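In: Provide a 3D model corresponding to the input given below.
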Amino acid sequence: MLRRGKKTINSKWDNNTGILSGDVMLIISYEVLNQYQDSKYIHLSKKLTEISRLVCEGQQADMDFASKNDITENEYFEMIKNKTAVLIGCSFMFGGIVAEANDINTNLLYEIGLNLGIAFQLEDDLLDCFGDQEKFGKKIGGGYYRKEENLIISFHKLKFRTKKEIRI
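Out: Coordinates of the predicted model:
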């Protein structure tokens, strides 16, 4: 499987290596946070922990959606927010925290990143259905074949609620 034109860790090695890689990246994140003084470290580590949990919840929702035909628009947007957008929002927010911006500006940075992340995921969903495989860097329709929810499939399911009506 390709991701942005490169093999994923799971396809290059295996699932266990992929899981271990994710664990190591999380540990490295906390090591990076260790360079900050107590108050910044506490703020950053609490946010990183919160965002990490949201990403796991978003991924679980995405996996659950594979067997559901009654996903609402709100559920879909909550899933992409948690699975993808919070990571970009968190990155923007961390910049504000490290720069010692006030809470209002730090929260605005988070919201800007969150909206950018949602836009990114919507574009990714559209490209998964209609993009150029060479430019996109992964197989077109790959999400559909892996039974992953995306914008097009979700709205199709909203329109046609019964299994007999769903023909993708």
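In: Not counting its neighbours along the chain, what's nearest the residue nearest the centre of the chain?
Out: The centre of the chain sits closest to T84, judged by CA atoms, centre = their mean, with a distance of 1.9 Å. Counting by CB to CB, 6 or more residues apart in numbering, T84 lies nearest to Q121, which is 4.5 Å off, once chain neighbours are set aside. For every residue, glycine as well, the C-beta is placed using N, CA and C.
In: In space, what's closest to I80 - neighbours in sequence excluded?
Out: In space, I80 is closest to Q121, 4.3 Å off (CB to CB, 6+ apart).
In: Who are the packing partners of whichever strand or helix holds that neighbour?
Out: Using DSSP states H and E, Q121 falls within helix 103-130. Here helix 103-130 touches helix 73-80, helix 86-98, helix 142-145, helix 151-159, going by 3 or more CB pairs under 8 Å, 6 or more residues apart in numbering; DSSP states H and E.
In: Which of these has the lowest mean pLDDT?
Out: When mean pLDDT is averaged over each of the helices and strands packed on helix 103-130, helix 142-145 scores lowest at a mean of 52.
In: how would you label N69: helix, strand or coil?
Out: coil (DSSP: H, G, I helix; E, B strand; the rest coil).
In: Report how many residues lie close to it.
Out: 13 (other CB atoms under 10 Å).
In: Okay, it and M63: tell me how far apart.
Out: 15 Å (CB to CB, to the nearest Å).
In: What of Y41?
Out: According to CB to CB, Y41 and M63 sit 33 Å apart.
In: contact partners of stretch 45-58?
Out: 26, 29-30, 33, 78-84, 86-87, 89-90, 93-94, 97 (CB atoms under 8 Å, 6 or more residues apart in numbering).
In: and that stretch, how far from the chain's centre?
Out: Remark: stretch 45-58 is offset 11 Å from the chain centroid, using CA atoms, centre = their mean, to the nearest Å.
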